[in-house]
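# What follows is a predicted structure for the sequence shown.
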Amino acid sequence: MTVRALIVDDERPARRKIQGRLESRPGIEVVGEAANGLEAVVAIRELDPELVFLDIQMPGMSGFEVIEAIGPENMPAVVFVTAYDEYALGAFEVAAVDYLLKPFSEERFEKAVERALGQIGGQGERSATIAGLLASLQPTRSYLRRLVVKEADRLLVVSVEDMRRFVAKGNYVEVHTENALHLVRETMTQLENRLDPERFVRIHRSEIVNIDWIAELQPWFHGDYVVILKDGGKTRMSRNYSDRLLKDPGGSS
(Lines give C-alpha, C1' and ligand atoms only; values in the text may rest on other atoms or scores of the structure.)
Protein backbone atom coordinates (compact mmCIF):
# COMPACT_ATOMS: atom_id res chain seq x y z
CA MET A 1 0.00 0.00 0.00
CA THR A 2 1.27 3.45 -0.92
CA VAL A 3 0.42 6.36 1.38
CA ARG A 4 -0.32 9.68 -0.31
CA ALA A 5 1.40 12.61 1.43
CA LEU A 6 1.02 16.39 1.21
CA ILE A 7 3.63 18.87 2.45
CA VAL A 8 2.50 22.29 3.72
CA ASP A 9 5.08 24.91 4.67
CA ASP A 10 5.60 28.52 3.65
CA GLU A 11 9.36 28.00 3.42
CA ARG A 12 10.52 26.23 0.29
CA PRO A 13 13.73 24.79 1.87
CA ALA A 14 11.59 23.21 4.59
CA ARG A 15 9.33 21.60 1.99
CA ARG A 16 12.37 20.28 0.09
CA LYS A 17 13.83 18.82 3.29
CA ILE A 18 10.67 16.88 4.10
CA GLN A 19 10.18 15.78 0.51
CA GLY A 20 13.74 14.50 0.27
CA ARG A 21 13.32 12.38 3.38
CA LEU A 22 9.99 11.01 2.25
CA GLU A 23 11.32 10.08 -1.19
CA SER A 24 13.89 7.83 0.47
CA ARG A 25 11.13 5.86 2.19
CA PRO A 26 9.25 3.10 0.37
CA GLY A 27 5.47 3.19 0.53
CA ILE A 28 5.01 6.98 0.66
CA GLU A 29 4.23 9.10 -2.38
CA VAL A 30 4.36 12.91 -2.22
CA VAL A 31 1.30 13.96 -4.22
CA GLY A 32 1.61 17.71 -3.71
CA GLU A 33 2.77 20.65 -1.67
CA ALA A 34 1.33 23.96 -0.52
CA ALA A 35 3.09 27.19 0.40
CA ASN A 36 0.30 28.69 2.54
CA GLY A 37 -2.92 27.86 4.33
CA LEU A 38 -5.24 28.72 1.47
CA GLU A 39 -3.39 26.41 -0.90
CA ALA A 40 -3.39 23.73 1.79
CA VAL A 41 -7.18 23.75 2.15
CA VAL A 42 -7.67 23.33 -1.59
CA ALA A 43 -4.96 20.67 -1.87
CA ILE A 44 -6.41 18.58 0.96
CA ARG A 45 -9.85 18.72 -0.63
CA GLU A 46 -8.68 18.00 -4.17
CA LEU A 47 -5.75 15.61 -3.66
CA ASP A 48 -7.28 13.66 -0.76
CA PRO A 49 -3.94 12.82 0.92
CA GLU A 50 -3.75 10.29 3.72
CA LEU A 51 -0.89 12.09 5.48
CA VAL A 52 -0.16 15.81 5.81
CA PHE A 53 2.96 17.53 7.11
CA LEU A 54 1.43 20.78 8.29
CA ASP A 55 3.35 23.89 9.26
CA ILE A 56 1.58 25.83 12.00
CA GLN A 57 3.03 29.32 11.71
CA MET A 58 2.22 30.57 8.23
CA PRO A 59 1.26 34.10 7.16
CA GLY A 60 -2.42 34.73 6.50
CA MET A 61 -3.78 31.39 7.63
CA SER A 62 -2.20 29.19 10.29
CA GLY A 63 -2.09 25.42 10.34
CA PHE A 64 -4.80 25.39 13.01
CA GLU A 65 -7.02 27.53 10.78
CA VAL A 66 -6.46 25.04 7.96
CA ILE A 67 -7.88 22.33 10.24
CA GLU A 68 -10.82 24.55 11.15
CA ALA A 69 -11.51 25.16 7.45
CA ILE A 70 -11.37 21.45 6.60
CA GLY A 71 -12.92 20.23 9.84
CA PRO A 72 -11.20 17.74 12.22
CA GLU A 73 -13.50 14.96 11.01
CA ASN A 74 -12.22 15.43 7.44
CA MET A 75 -8.52 15.74 8.21
CA PRO A 76 -6.06 13.03 7.20
CA ALA A 77 -3.30 11.92 9.56
CA VAL A 78 -1.20 14.97 10.50
CA VAL A 79 2.38 15.58 11.52
CA PHE A 80 2.60 19.18 12.71
CA VAL A 81 5.76 21.08 11.85
CA THR A 82 6.29 23.86 14.36
CA ALA A 83 8.61 26.24 16.13
CA TYR A 84 6.14 26.64 19.02
CA ASP A 85 7.28 27.16 22.60
CA GLU A 86 7.27 24.50 25.30
CA TYR A 87 3.83 25.41 26.62
CA ALA A 88 2.20 24.77 23.28
CA LEU A 89 4.18 21.57 22.78
CA GLY A 90 2.72 20.29 26.02
CA ALA A 91 -0.73 20.53 24.43
CA PHE A 92 0.47 18.37 21.54
CA GLU A 93 1.74 15.72 23.94
CA VAL A 94 -1.46 15.67 25.99
CA ALA A 95 -3.51 15.27 22.82
CA ALA A 96 -1.20 12.48 21.56
CA VAL A 97 -0.59 14.32 18.30
CA ASP A 98 2.88 14.11 16.85
CA TYR A 99 4.91 17.08 15.77
CA LEU A 100 8.30 18.05 14.43
CA LEU A 101 10.02 20.90 16.22
CA LYS A 102 12.23 22.86 13.85
CA PRO A 103 15.05 22.05 13.34
CA PHE A 104 14.46 18.30 13.61
CA SER A 105 16.77 15.32 13.27
CA GLU A 106 16.35 12.38 10.91
CA GLU A 107 15.63 10.12 13.88
CA ARG A 108 12.86 12.42 15.15
CA PHE A 109 11.43 12.64 11.62
CA GLU A 110 11.26 8.85 11.31
CA LYS A 111 9.54 8.55 14.67
CA ALA A 112 6.89 11.10 13.71
CA VAL A 113 6.25 9.41 10.35
CA GLU A 114 5.86 5.98 11.94
CA ARG A 115 3.43 7.35 14.50
CA ALA A 116 1.39 9.08 11.81
CA LEU A 117 1.28 5.97 9.64
CA GLY A 118 -0.15 4.11 12.60
CA GLN A 119 -3.06 6.56 12.71
CA ILE A 120 -4.11 6.01 9.10
CA GLY A 121 -7.38 4.13 8.98
CA GLY A 122 -8.55 5.22 12.42
CA GLN A 123 -10.60 8.21 11.26
CA GLY A 124 -12.85 8.50 14.29
CA GLU A 125 -10.04 8.27 16.82
CA ARG A 126 -7.89 10.63 14.78
CA SER A 127 -10.68 13.21 14.52
CA ALA A 128 -11.18 13.16 18.28
CA THR A 129 -7.44 13.56 18.82
CA ILE A 130 -7.17 16.59 16.53
CA ALA A 131 -10.33 18.11 18.01
CA GLY A 132 -8.84 17.59 21.47
CA LEU A 133 -5.68 19.40 20.46
CA LEU A 134 -7.62 22.39 19.15
CA ALA A 135 -9.68 22.47 22.33
CA SER A 136 -6.56 22.39 24.51
CA LEU A 137 -5.06 25.32 22.64
CA GLN A 138 -8.36 27.22 22.48
CA PRO A 139 -10.19 26.70 25.80
CA THR A 140 -13.37 28.36 24.55
CA ARG A 141 -15.05 26.83 21.54
CA SER A 142 -14.21 28.51 18.28
CA TYR A 143 -16.86 28.43 15.57
CA LEU A 144 -16.30 28.76 11.86
CA ARG A 145 -15.15 32.26 10.90
CA ARG A 146 -14.47 31.82 7.20
CA LEU A 147 -14.52 29.34 4.36
CA VAL A 148 -11.90 28.89 1.66
CA VAL A 149 -13.46 28.29 -1.77
CA LYS A 150 -11.94 27.80 -5.19
CA GLU A 151 -13.35 29.76 -8.10
CA ALA A 152 -11.66 28.89 -11.42
CA ASP A 153 -7.97 29.57 -10.75
CA ARG A 154 -8.58 31.77 -7.69
CA LEU A 155 -8.77 31.05 -3.98
CA LEU A 156 -11.39 33.12 -2.15
CA VAL A 157 -11.97 33.58 1.55
CA VAL A 158 -15.64 33.99 2.46
CA SER A 159 -16.28 35.57 5.86
CA VAL A 160 -19.04 34.13 8.04
CA GLU A 161 -20.58 37.62 8.22
CA ASP A 162 -21.34 37.38 4.49
CA MET A 163 -22.96 33.93 4.60
CA ARG A 164 -26.75 33.95 4.26
CA ARG A 165 -27.77 30.38 3.43
CA PHE A 166 -26.31 26.91 3.03
CA VAL A 167 -28.11 24.49 0.70
CA ALA A 168 -27.18 20.84 0.19
CA LYS A 169 -26.50 19.82 -3.42
CA GLY A 170 -25.44 16.19 -3.64
CA ASN A 171 -21.92 15.82 -2.25
CA TYR A 172 -21.55 19.60 -2.02
CA VAL A 173 -23.05 22.51 -0.11
CA GLU A 174 -23.99 25.79 -1.77
CA VAL A 175 -22.83 28.81 0.22
CA HIS A 176 -25.05 31.80 -0.58
CA THR A 177 -23.76 35.33 -0.03
CA GLU A 178 -25.24 38.64 -1.16
CA ASN A 179 -23.60 38.62 -4.57
CA ALA A 180 -22.33 35.10 -5.14
CA LEU A 181 -22.86 31.39 -4.74
CA HIS A 182 -19.97 29.06 -3.86
CA LEU A 183 -19.68 25.28 -3.66
CA VAL A 184 -17.81 23.47 -0.87
CA ARG A 185 -17.39 19.73 -0.48
CA GLU A 186 -18.84 19.14 2.97
CA THR A 187 -21.93 17.59 4.52
CA MET A 188 -24.66 19.64 6.13
CA THR A 189 -24.16 17.94 9.49
CA GLN A 190 -20.43 18.67 9.51
CA LEU A 191 -21.10 22.29 8.58
CA GLU A 192 -23.87 22.69 11.17
CA ASN A 193 -21.52 21.48 13.91
CA ARG A 194 -18.97 24.14 12.97
CA LEU A 195 -21.40 27.08 12.75
CA ASP A 196 -22.29 29.27 15.72
CA PRO A 197 -25.86 28.31 16.76
CA GLU A 198 -26.33 31.88 17.95
CA ARG A 199 -26.14 32.99 14.32
CA PHE A 200 -27.25 30.05 12.19
CA VAL A 201 -30.15 27.62 12.38
CA ARG A 202 -30.97 24.49 10.42
CA ILE A 203 -34.47 24.78 9.02
CA HIS A 204 -34.56 21.71 6.82
CA ARG A 205 -32.58 18.54 6.20
CA SER A 206 -30.90 20.31 3.29
CA GLU A 207 -30.73 23.94 4.43
CA ILE A 208 -29.19 26.23 7.08
CA VAL A 209 -29.91 29.95 7.25
CA ASN A 210 -28.38 32.98 8.91
CA ILE A 211 -30.86 33.98 11.62
CA ASP A 212 -30.22 37.67 11.01
CA TRP A 213 -31.45 37.26 7.43
CA ILE A 214 -34.86 35.88 8.43
CA ALA A 215 -37.54 38.54 8.03
CA GLU A 216 -40.73 36.56 8.61
CA LEU A 217 -42.16 33.09 9.25
CA GLN A 218 -45.50 32.21 7.67
CA PRO A 219 -47.40 29.06 8.77
CA TRP A 220 -47.79 26.51 5.99
CA PHE A 221 -49.09 22.93 5.83
CA HIS A 222 -48.59 20.17 8.43
CA GLY A 223 -46.56 22.33 10.82
CA ASP A 224 -44.12 23.55 8.20
CA TYR A 225 -43.37 27.26 7.69
CA VAL A 226 -42.47 29.47 4.77
CA VAL A 227 -39.32 31.43 5.65
CA ILE A 228 -39.20 34.92 4.12
CA LEU A 229 -35.67 36.27 3.88
CA LYS A 230 -34.75 39.95 4.03
CA ASP A 231 -33.72 39.94 0.38
CA GLY A 232 -37.19 38.73 -0.61
CA GLY A 233 -36.21 35.10 -1.10
CA LYS A 234 -38.40 32.29 0.21
CA THR A 235 -37.60 28.85 1.53
CA ARG A 236 -39.26 26.25 3.73
CA MET A 237 -38.77 25.26 7.35
CA SER A 238 -39.70 21.70 8.25
CA ARG A 239 -41.60 21.15 11.47
CA ASN A 240 -38.85 18.70 12.47
CA TYR A 241 -36.43 21.64 12.68
CA SER A 242 -38.78 24.37 13.89
CA ASP A 243 -38.57 23.98 17.66
CA ARG A 244 -35.38 25.92 18.32
CA LEU A 245 -36.21 28.88 16.11
CA LEU A 246 -39.80 29.18 17.29
CA LYS A 247 -38.92 28.81 20.98
CA ASP A 248 -35.90 31.08 20.66
CA PRO A 249 -36.58 33.48 17.78
CA GLY A 250 -33.78 35.79 18.83
CA GLY A 251 -31.21 33.01 18.49
CA SER A 252 -30.01 33.48 22.09
CA SER A 253 -29.17 30.61 24.39
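Yep, that arrived. Numbering: from 1, shown residues only.
# Test my guess that A215 contacts L229.
Yes - counting by Cβ atoms under 8 Å, L229 is a contact partner of A215 at 6.1 Å. Using the backbone N, CA and C atoms, a C-beta is placed for each residue, glycine as well.
# Show me which of the two is the more surrounded one.
The residue with more neighbours, out of A215 and L229, is L229; 17 against 12, by other Cβ atoms under 10 Å.
# Distance of that one relative to G37?
Separation of L229 from G37 (Cβ to Cβ, to the nearest Å) stands at 32 Å.
# try T129
For T129, the distance to G37 equals 21 Å [Cβ to Cβ].
# ditto for V79
Taking Cβ to Cβ as the measure, V79 falls 16 Å from G37.
# neighbour count winner among these two?
A direct count of neighbours by other Cβ under 10 Å for V79 and G37 places G37 higher, at 26 against 23.
# Need the nearest residue in space to the more buried one, chain neighbours excluded.
M61 (2.7 Å; Cβ to Cβ, 6 or more residues apart in numbering).
# And L101, by the same measure?
Distances taken as Cβ to Cβ, 6+ apart put T82 closest to L101, at 6.2 Å, once the chain neighbours are dropped.
# Surely that neighbour is in contact with F53?
No - with contacts defined as Cβ under 8 Å, T82 does not count as touching F53, sitting 10.9 Å away.
# And what about N240, helix, strand or coil?
Each residue gets one of three states, and N240 gets helix by DSSP: H, G, I helix; E, B strand; the rest coil.
# Give me the below-cutoff pLDDT ranges for the protein.
Residue ranges of the chain with pLDDT under 70: 84-97, 122-126, 132, 135-142, 247-253.
# the domain parsing of it - what is it?
3-137, 146-247 (automatic domain parsing).
# Who are the contact partners of L117?
Neighbouring residues of L117 by Cβ atoms under 8 Å, 6 or more residues apart in numbering: V3, L51, A77.
# As TSV, those residues with neighbour count, distance to E11 and secondary structure would be great.
TSV is the format used below for the contacts of L117 (neighbours: other Cβ atoms under 10 Å; distance: Cβ to Cβ, whole Å; DSSP: H, G, I helix; E, B strand; the rest coil):
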residue	neighbour count	distance to E11	secondary structure
V3	19	24	strand
L51	23	20	strand
A77	25	22	strand
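# from those residues, which is closest to F200?
Distances from the contacts of L117 to F200 were compared by Cβ to Cβ; the smallest belongs to A77, at 30.3 Å.
# need the strands for the stretch 101-250 of the chain, in chain order.
Ranges of strands in the stretch 101-250 of the chain, per DSSP state E, counting those that start in this stretch, are 146-151, 154-159, 165-169, 172-176, 181-184, 200-204, 207-210, 214-219, 225-229, 234-237.
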